[in-house]
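Pasting a predicted model and its sequence here:
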Amino acid sequence: MKKFFRIFLFSALALSAVSCEQFLDINENPNQATASSPQQVLPNALTVTAANLVSYNDYGAWHVGYVVNAGGFGGWGTQWTYNYTTSTYSGLWGSTYDNLEDYDYIEEQTEGNEVLAYYNAIAKIMKAYNFQMLVDTYGDVPYTEALGGVENLTPKYDDAETIYQDLVTQLDAAISMIDNSAANAITTGDVMFNGDMERWKRFANTVKLRILIRASRKPIAGNSQTPEWVTTGFTSFGASTAFLTDDAIVNPGYAATAGKQNPFWDYYHLTSANATTSAGRSRIPSEYVFSFYDGTKIDDPYRGDVTYRSFPSTPTNQLGISPGDGEALAPNGTIAWYVGSGTGASASNTVGLFKGRTAGTPIFLAAESYLLQAEANVRGFLAGDAKTAFDNGITSSFRYLYKGVDNAVAAGYDPVGDAAAYITDNPENYLVNFDLATTFDQKVEAIITQKYIALNMMYGAEAWNEYRRTGYPSISGNIATSTFASTQSTSTQADRLPVRILYPATEYSFNPNNIPADINQFTSRIFWDID
Amino acid sequence: MSNLIYSQKQTNMKKILLMSLFLLSTLLHEAMAQDRTVTGRVTEAASNQGLPGVTVLVQGTQVGTSTDVNGNYSIKVPASGTTLVFSFIGYTTIERPVGNATAINVSLGTDAKALNEVVVIGAGGIERQVKEQGYKTTQVTSQELTQGRSPNVATGLTGKVAGLQINAVSSGLNPNVRVVLRGNRSMTGNNQALIVIDNVIVPSEILGNLNPEDIENISVLTGASGAALYGSAASNGAIIITTKKGRKGSTDVRVAHTTTLEQVSFSPKLQNTFGSGYAEGIQGYVPYENQQYGPAFDGSMVQIGKPLADGSIQTVPYSARNDKYDFWETGVQNQTDFSLSSGTEKSTFFISGQRYAATGTTPGDEYKRVALRANASTSITEKLKLNISTSYTQNDYDITTATSAVYDNLLNTPAHIPLLNYSDWQTDPFANPNGYYNEYYQNPYFAIDNNRRDEQNNYLLGNVELKYAPLNWLDFTYRVGLTNRNYSRKDWQDVFTYTDYTHSISASKNNVAGAVYDEMSYNRQLTSEFQTQFTKDLNDFNFRLILGNQTIINNYKGISTTGTGLVNPGLFNISNRVGEAVPAEGNYLRRDIGVYADFTVGFRDYLFVHATGRNDWTSILAKENRSFFYPAVDIAFTATEAIPALKDNPILSSLKLRGALSKVGQVNLGSTSSGIGGAFGTYALLPTFTPSAGFPFGSLTGYSAGNTLVSPNLEPEFTKGYEFGADFSLLNNAIDGAVTYYFTSTTNQTVVAGVSSATGYTGFRTNTGEVTNKGIETVLHYSPINTENFGLTFGGNYTYNKGEVVSISSDLPRINLSTGASGQVYAAAGNLFPVLIGSDYLRDTEGRIIVDRTTGLPSIDPDQKVLGNTEPLHRLGLNFEFRFLKNFRLTSLFEYRGSYYRYHTGGSTFDFSGASYRSASFNRDRFVIPNSSVEDADNPGTYIANTNITTAYGGPDFWTSGTVSGAASTYVTSGDYWRWREASLSYTIPTALLARTKVIKAATISLQGRNLWLYLPKSNQWTDPDYNFTDTNAIGITSLAQTPPTRYYGATISVNF
């Protein structure tokens, strides 16, 4: 009996005391990494920023007529009526903050680390880039208390314009960091500029220019509503300040396999399994945007040919025209924006918008850089010749569209020559020939309209932002070629468009005390939209 | 088999004996009277079933025997014997004079007083008499469990136990079942009852893969008190299953077969007035349209679809058909059972086999299950006993993965379409995807055939128990149990390429690229338990102390591969894919150690005080938090034994009062798995980094910060609770019942709370919040008649449970338990738990829907609203049993659940397609929204009733608009129901008839039905409120993934040899 007792006690003691610790120390995660590094996070974060642009493009594209509904698809109620709910386009919010968290991680991990200062600078620049997209989409958003993790589970909303001001400060800090630190060069993982910090500086300056231009409000001749902080901001640009002269393109090494394709190709054209996507087949261009190519407003067979399939007989429609009312179907077996040959697995690499599965994703076009400069020139914010910038903008747009998957202008294409021909082909049109734009308004209209054309199907959100700020490209009435507003709009605005989307349902659920009250998609404007 | 030969010998011997008697009667009259054999059968009065194990003793002698499995006995009565005594624990003892009889049959009635003597197996495999238990235990017998012939143990328990809530969360083959006792305590953690089979804890999924026919008995411990010894999972109560064992001295072979049919019993309410069309206002007919907003049916001949390449086109009458209802097939289930049990003085064994094969109501769905069991016990020496229990279950699914898409396709089929003609899509050009009439939705038969899953599960359960009792006051038990699940699955979708002609006329018919997904995993649980028991009697007191140690190891490994896009059609191998395959891997290991003590003091057999304490150490918490202790105490007092005035009272037959207090810790870290597999709450303490989609790109690697924040100091959550109540019987046991009040409070909950994405994360894993549950469980049964030939028992159980979230935390007012649609399940402070929160229309102070002055249309309030609790407050089970004409038995079970709500997410599809009844309720005209108001133009901010402003549109633009169907409240209905859960009629073939066959000892034929009838309130046009889109805590949402509810009816024949 005693023997049994001893055995029991011994085994109980043995288990609970000595071996117990080792027996239980097994909670190390064999499945996922629990630590990482800025070097590992940067390529992922940049790739995700590029992928997120697909959603930003689509959201904007519906608003500005880059896309409308194609025949054979239904269920467009929300796109047609603008009767938004808190779930309409709600993915933008979460995916952007998720991406921002990664940049924030890089910034925190490299704070004060001289050797990794370039990472810190890049993180600051990309945060500014992404936060501007959030502000332009939602207005007031969490900023100072955002990305705090456990420290603040219900971050307060900051004033949109105050955020804008701080983004400029952050960009200045990043630029000065690049200029003044003795950091190690980035040799791998910079999937945008491959460690070229000079280009990062140009990118930072251009993002800053975009922020300042937007904050400068609507361009009105002789009556600027531009706040003082913006004017001051422009003065920080010097004569030697360099802006982007070529496209900022992210390419982590896109490949023809699941999850690795160019995200625009993957969403709008073909899946990795070579099936055409409904997103691409259910959308065709609006007659409105088409009018800038087919001669209705502008004659542009050059960019028309590389933008639209079978141009000029590409199927088009007007937003809100019901299925079966004789509206056009997407081109047989493919999409309206793919100009290459072959379908499915045999789809070829080509030029234009959907160049191929492995083409990079532009996150800032040189064309936009020049057209921002042109506006700054016209409004006197920057010294320089507006026409030169304007023409460079057009040529850059041609150049991007003429590039193949390898990011080089394809054989047989001449962007400079065709851009010149484009101007000669539209001799009477001030939207093309800047010399004919004699008034302030015409100049601004020409610049913003050319931006609208250059951003087509790449950055719908930016075109939508610029429309809301400037009212260009101009729309009127309800004829297909004269407006991109839906025929079934329920908007109370004169242009029959909404002025924003709503905050996502998750914010109403998890941050209800901070979310601004009474947001309405037809009346609650973003601060720079001052119609 | 030995018994069979034995009884044949007996019969032969009897014949010889009778002949001898006849011949020698005159000569040996005296001698005969001296030594006779008496045979007979002992039955249970309540059920008329044979009662095995009854002691039959010749009064005043040592001569005795016991009844066999069927209640039969045979005893040699010495000359001195005059009376036979039939006794069995829990039943009243009966004495019968022998006289000249050679056959004596008796029927034993239950003895409520003696019921307290019944030994039940409690926590830790410790046998405990009912009178000792200070907490509620409910026993379910094998007969009660299997009378409805449910192939699933859990569904067989539904409605039979107060405090036990069982939801089959979907239709289909072997649906998931959620088993919850006394409400949901944990907001996001596990709330399902602990499952114990033959004293060993097993994963809860085993319940659905156990052969119900193998079960001898189930004890349900509704509260944590009785279960605390099992460890932390016992905070949810426990279901303790004992499987059948062989019996000494009798051999029994049983063969049974059941065939059951399954039919759709409830169809959502659909309109049958309008056919194909999509346009607002005009109601034009569109031959290829899925939406049903076209002109009213008029019986004329119309074309459907677009012409085939050869120009042919279908023409059908434009009138509603029943195809949408008839699409669902009659499922057939066949279950064949075999068992053999036997035993000698020292050893017993039981072996069984079951084959179960079923086809579903969804065409093409099949399920097969084979279960084998071998149980044995042997006394190695007088003091050393060995018990072994093993089972193996294999199941196979051959089902479609497109159930929800198929239902969607079905709803998007206008009523005039001859849908049933389209099952042969391979050869019929109009059924083929190329020629299928519908421009936008697939032929459901094609979707079924082209999206398949082959799944196989193998469960091996084994446990060995060694009991050593060296002294009469001391014994040791060691048991080791293994549960192993091997899982393999292949999902595939075949390639389908449309013809060029189809592409040229149909924009939305996209080629199907095909896909293949393969997964294999194993899941293993190993438990080891050592127990020492000391007992001591001292005057009026008896003491019992149990010390124990338990170790549980859970181990999982799984690996899967996905290939998107197939090269060769029909070849579903991962090597036959386009591009790179996407692999995933998951490995999880958890270890738990517990030591416990259990101490009972009994006083004069009527007062018992029982205390337990357990300390656990778990590997899934940080070192400093991994150890936690929890105690429980209970008291039981049998008043009718203790108080002389109550003894032998003609009205109050017995009364036991009981009370219990407990605290149980549970570590509820939930699933942290990002890829595949069961996680056991492992690896939840550190945030993770994962590569985003696409990474690595060649040699370029990348990681992104995970989306879940983790509080640095996660601790166990604790459930503190008490219960008190009484078990009683009245009028000489004709009435018996029990009533229990309970309260539990679960604090320090481990939750992953949804947080604003602006934090950079979407979830936060932390300890916070408190949930309380309080309720009443009652049982009452009345048996006014109880004779050998007739018996009537009716009664029921009623449970009231109110679960509430008392608090979460100051900065987290609510936690979402689900994500996705416009209404979700939440834990929200100050609300019942769980609760639906979602979008609703803007309403005025009177609750009327505010509509626009000009458009007559409502708009959605961006603020989320509470739309209703999702667990029933009231649950009632009513049962009834009638025995008549000696051999017939009729049983019935009704169930009511009330005061809760369901959100039917499928509703918006019903409306979108125009299939819903409500979409036609205003004849597709503009209408005034009922109970609506408009802002008073003269007094802004005040609202007046809207009597005349009609909606700007009443067709598809209204019913498919986001501002209409986007309001979750539109599809929230009461979840109340009355259900005829079970009914059975059985006939036991009289033994006299069977005697002639010589081999058959007993035979029963029965008819039974389940879910026979479902009564729902008018507002619920959608589906069975038992259904849920998940078996997690996110209770309250139904979807199209659950096909319509079904009823089952079948017949069984069972023969014993």
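All right, it came through fine. Computed from a predicted model, the values in this text were never measured in an experiment. Residues are numbered from 1 along each chain as shown, chains lettered A, B, ... in the order given.

From here on, just use CA atoms for contacts and neighbour counts.
Noted.

element containing the residue of the stretch 351-500 of chain A found nearest chain B?
Closest residue of the stretch 351-500 of chain A to chain B, Cα to the nearest Cα: A:T490 (9.4 Å). Per DSSP states H and E: A:T490 is located in neither a helix nor a strand.

In contact with it, which residues?
Counting by Cα atoms under 8 Å, 6 or more residues apart in numbering or on different chains, A:T490 makes contact with A:81-83, A:496.

ditto for B:V480
B:200, B:463-465, B:526-529.

what about 6 Å?
B:463-464, B:527-528 (Cα atoms under 6 Å, 6 or more residues apart in numbering or on different chains).

what does the stretch 901-1050 of chain B put close to chain A?
With Cα under 6 Å from any Cα of the partner chain as the criterion, the stretch 901-1050 of chain B comes near chain A at residues B:S961.

nearest residue to the residue of the stretch 901-1050 of chain B found nearest chain A other than its sequence neighbours?
Closest residue of the stretch 901-1050 of chain B to chain A, Cα to the nearest Cα: B:S961 (5.7 Å). The shortest distance from B:S961 to any non-neighbouring residue, by Cα to Cα, 6 or more residues apart in numbering or on different chains, is to A:G77 (5.7 Å).

Give me the buried stretch members for stretch A:514-531, please.
Buried residues in stretch A:514-531, defined by neighbour count with 16 or more other Cα atoms under 10 Å in any protein chain shown: A:514-515, A:519-522, A:524-529.

End to end on stretch A:147-158, go ahead and measure it.
13 Å (Cα to Cα, to the nearest Å).

returning to what we had before: dump the buried residues of stretch A:514-531 to a markdown table, plus distance to chain B.
Listed next are the buried residues of stretch A:514-531 as a markdown table, based on distance: Cα to the nearest Cα, whole Å:
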| residue | distance to chain B |
| --- | --- |
| A:N514 | 11 |
| A:I515 | 10 |
| A:I519 | 9 |
| A:N520 | 10 |
| A:Q521 | 12 |
| A:F522 | 13 |
| A:S524 | 14 |
| A:R525 | 17 |
| A:I526 | 19 |
| A:F527 | 20 |
| A:W528 | 22 |
| A:D529 | 23 |
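
which two of the contacts of A:T490 lie the greatest distance from each other?
The distance between the two most remote of these (Cα to Cα) is 11.9 Å, for A:N83 and A:R496.

Do you have the helices of the stretch 51-200 of chain A handy? List them.
Taking DSSP state H, counting those that start in this stretch to define them, one finds helices in the stretch 51-200 of chain A at A:77-81, A:91-110, A:117-138, A:160-180, A:197-215.

List, one by one, the residues from chain A near chain B.
Contact residues, chain A versus chain B (Cα under 6 Å from any Cα): A:24, A:27, A:29, A:31, A:33-34, A:40-41, A:43-44, A:72, A:77, A:94, A:97-98, A:101, A:146-149, A:253, A:257, A:259-260, A:273, A:275, A:329, A:332-333, A:507, A:510-511.

Narrow these to those that are buried.
A:24, A:27, A:29, A:31, A:33-34, A:40-41, A:43-44, A:72, A:77, A:94, A:97-98, A:101, A:146-149, A:253, A:257, A:259-260, A:273, A:275, A:329, A:332-333, A:507, A:510-511.

what residue ranges in the chain score low on pLDDT?
Just so you know, I chose chain A. Across chain A, the ranges flagged by pLDDT under 70 are A:1-19, A:322-327.

if you could check chain B rather than the one you did, that'd help
B:1-34, B:46-48, B:89-90, B:110-124, B:226-228, B:670-678.

can you give me how far the helix or strand where B:I1005 lies is from the chain middle?
Assigned by DSSP H and E, B:I1005 belongs to strand B:1002-1015. Centroid separation between strand B:1002-1015 and its chain, computed with Cα atoms, centre = their mean, to the nearest Å, is 18 Å.

And the helix or strand that comes right after it, what does it pack against?
Counting by DSSP H and E, the next helix or strand C-terminal to strand B:1002-1015 is strand B:1037-1038. With contacts taken as 3 or more Cα pairs under 6 Å, 6 or more residues apart in numbering or on different chains; DSSP states H and E, strand B:1037-1038 sits against strand B:901-904.

helices and strands around the strand it packs on, which ones?
Using 3+ Cα pairs under 6 Å, 6+ apart: strand B:901-904 touches strand B:972-974, strand B:1037-1038.

What strands flank the helix or strand following the last one, and is each parallel or antiparallel?
Per DSSP H and E, the first helix or strand lying C-terminal to strand B:1037-1038 is strand B:1046-1056. Counting by DSSP bridges, the strands paired with strand B:1046-1056 are strand B:252-264 (antiparallel), strand B:1002-1015 (antiparallel).

which parts of chain B sit against chain A?
Residues of chain B lying near chain A (Cα under 6 Å from any Cα): B:503-504, B:507-508, B:511, B:513, B:564-565, B:579-580, B:586, B:619-620, B:683, B:687-689, B:693-694, B:697, B:702-704, B:755-760, B:961.

can you give me the strands in the stretch 351-500 of chain A?
Residue ranges of the strands in the stretch 351-500 of chain A, as given by DSSP state E, counting those that start in this stretch, are A:361-364.

I should have written the stretch 251-400 of chain B there, sorry.
With DSSP E, counting those that start in this stretch as the criterion, the stretch 251-400 of chain B has strands at B:252-264, B:301-304, B:314-317, B:331-343, B:347-359, B:366-379, B:384-400.

Pull out the buried members of the residues of chain B next to chain A.
Using 16+ other Cα under 10 Å, the buried ones in the residues of chain B next to chain A are B:503, B:507-508, B:511, B:513, B:564-565, B:579-580, B:586, B:619-620, B:683, B:687-689, B:693-694, B:697, B:702-704, B:755-760, B:961.

Apart from its chain neighbours, what residue comes closest to B:R814?
B:A828 (4.2 Å).

hey, where'd the helices end up in the stretch 451-600 of chain B?
According to DSSP H, counting those that start in this stretch, the helices that the stretch 451-600 of chain B contains are B:500-505.

Sorry, wrong one. I was asking about the stretch 601-750 of chain B.
Taking DSSP H, counting those that start in this stretch, the helices of the stretch 601-750 of chain B run over residues B:639-642.

same question, the stretch 351-500 of chain A
A:366-378, A:386-402, A:415-425, A:440-454, A:460-470.

ranking those by burial, who's on top?
Highest mean neighbour count among these (mean count of other Cα atoms under 10 Å in any protein chain shown): helix A:366-378, with a mean of 26.

What angle do helix A:460-470 and that helix make with each other?
Per axes from the mean of the first three to the mean of the last three Cα atoms, to 10 degrees, the angle that helix A:366-378 makes with helix A:460-470 is 10 degrees.

which ones are touching B:Q426?
Counting by Cα under 6 Å, 6+ apart, B:Q426 has no contacts.

helix/strand/coil for it?
Here B:Q426 is coil, with the state taken from DSSP: H, G, I helix; E, B strand; the rest coil.

Give the buried residues for stretch B:162-177.
For stretch B:162-177, by 16+ other Cα under 10 Å, it's B:162-174, B:176-177.

neighbouring contacts of it?
For stretch B:162-177, the surrounding residues in contact (Cα under 6 Å, 6+ apart) are B:158, B:178-182, B:777, B:797, B:799, B:1026-1028, B:1042-1043.

which of those lies closest to B:Y841?
Nearest to B:Y841 among these is B:N1028, at 24.6 Å by Cα to Cα.

Is it correct that the closest one is in contact with B:L1040?
No. When contacts are counted by Cα atoms under 6 Å, B:N1028 is not listed as touching B:L1040 (10.2 Å).
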